[in-house]
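In: Dropping the sequence and predicted coords here.
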Amino acid sequence: MPKDSVSRFSHRAVLYDQFRPHYPPELVAFLKEHIVPDSEQVVADIAAGTGIFTEQIAQWGNTVFVVEPNRSMSRLARRRLKGFKNCIFVNGTAESTDLPDQSVDLVVSAQAFHWFDLTKTKHEFKRIGRNNLLVAVVWNLRNTDSPFEQAYESLIYKYGIDYLNVSQRRMDTEEVLSFFAPDSPEYRIFEHTDFLTLTQLRGRMLSYSFMPEETSPVYEEMLEAMTVIFERYQQEGRVRLSYRSRLFIGGIH
């Protein structure tokens, strides 16, 4: 399995695009309050992946730089966002966006901030940001409250190859706060729930970069274990997987 944060998603891009969760409309609406929609204010979605979050914010009408270094992910983002003429696609990273100086009013990062070199990223965001730049960091964090969610987390913990090293769960809140220091970002939590069929649950699990691929000797064993869990907890052919969407938003200096 590739160790770097870019290439390890190449073979997961289709699954990622099809099965990863969206973000709560309430979160998107809250972000929208911090920008003037359909204006000259510019948004940059950093490590945009296949454009799941981008699609939700592109509807504001503002120019959106869709910054993504992985070709497979970017190709799917272009397909997803083909109806948005306000999206500009850029091959770049958080540490080197390839965006012009002072060109962005709002930077967003959904489900990716834990991959960044925060020192280099902060320097780059300052370079591309205009006065009063806002940075919004978002994660969908799976809950582990219900018996099914606990069993699902245990399955991921058992088979995830480097789960604890690369999961967003490894990033302490203090690390995020230090990125915004000396200021303090606003912190919000938004709840949402998905009800997944067996096919959807399988696709979501296999979209995680730390789960075994088909060439792994434990691949079939893992899928069988997942099916057992699904059958134990499903109701009317679906299981309930809930999330807390965490949002940090603030300026950087």
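Out: Cool, got the structure.
In: show me where pLDDT drops low in the stretch 101-250 of the chain?
Out: 163-171 (pLDDT under 70).
In: switch to 80 and redo it
Out: Within the stretch 101-250 of the chain, the stretches with pLDDT under 80 are 162-172.
In: show me where it has helices.
Out: 118-128, 147-159, 163-166, 173-180, 198-206, 219-233 (DSSP state H, counting those that start in this stretch).
In: Of all the residues in the helix or strand where Ala29 lies, which ones are buried?
Out: According to DSSP states H and E, Ala29 maps onto helix 25-32. Using 16 or more other C-beta atoms under 10 Å as the test for burial, helix 25-32 gives Leu27, Val28, Phe30, Leu31. Every residue, glycine included, has its C-beta placed from N, CA and C.
In: Spatially, what comes nearest to the third one if we skip its sequence neighbours?
Out: Read it as Phe30. Nearest residue to Phe30, sequence neighbours excluded (C-beta to C-beta, 6 or more residues apart in numbering): Arg188, at 6.5 Å.
In: And stretch 31-50, how far out from the chain middle?
Out: 15 Å (C-alpha atoms, centre = their mean, to the nearest Å).
In: Tell me which of the helices of the stretch 101-250 of the chain lies nearest to Pro21.
Out: Taking C-beta to C-beta, helix 198-206 is the member of those nearest to Pro21, at 7.7 Å.
In: and that closest one, what does it pack onto?
Out: In this structure, helix 198-206 makes packing contacts with helix 13-19, helix 147-159, helix 219-233, strand 239-250, judged by 3 or more C-beta pairs under 8 Å, 6 or more residues apart in numbering; DSSP states H and E.
In: So what angle separates the directions of that helix and helix 219-233?
Out: Going by axes from the mean of the first three to the mean of the last three C-alpha atoms, to 10 degrees, helix 198-206 is angled at 130 degrees with respect to helix 219-233.
In: From the rest of the structure, what touches helix 198-206?
Out: For helix 198-206, the external contacting residues (C-beta atoms under 8 Å, 6 or more residues apart in numbering) are 12, 15, 18-21, 152, 155-156, 194, 196, 211, 223, 226-227, 230, 234, 237, 239, 241.
In: do stretch 243-253 as well
Out: 21, 23-24, 27, 30-31, 34, 122, 125-126, 129, 132-143, 176-177, 179-180, 182-194.
In: Arg79 is nearest to which of the helices of the stretch 101-250 of the chain?
Out: Nearest of the helices of the stretch 101-250 of the chain (C-beta to C-beta): helix 198-206, 17.5 Å.
In: chain center to the closest one: distance?
Out: Using C-alpha atoms, centre = their mean, the mean C-alpha position of helix 198-206 is found 17 Å from that of the whole chain.
In: Next, the buried residues of it.
Out: Judged by neighbour count (16+ other C-beta under 10 Å), helix 198-206 contains these buried residues: Gln200, Leu201, Arg202, Gly203, Arg204, Met205, Leu206.
In: how big is the angle separating the longest strand along the chain from helix 198-206?
Out: In the chain, assigned by DSSP state E, the strand with the most residues is strand 129-142. Relative orientation of strand 129-142 versus helix 198-206 (the same axes, to 10 degrees): 120 degrees.
In: partners of strand 129-142, with directions?
Out: Using DSSP bridges, the strands paired with strand 129-142 are strand 104-110 (parallel), strand 239-250 (antiparallel).
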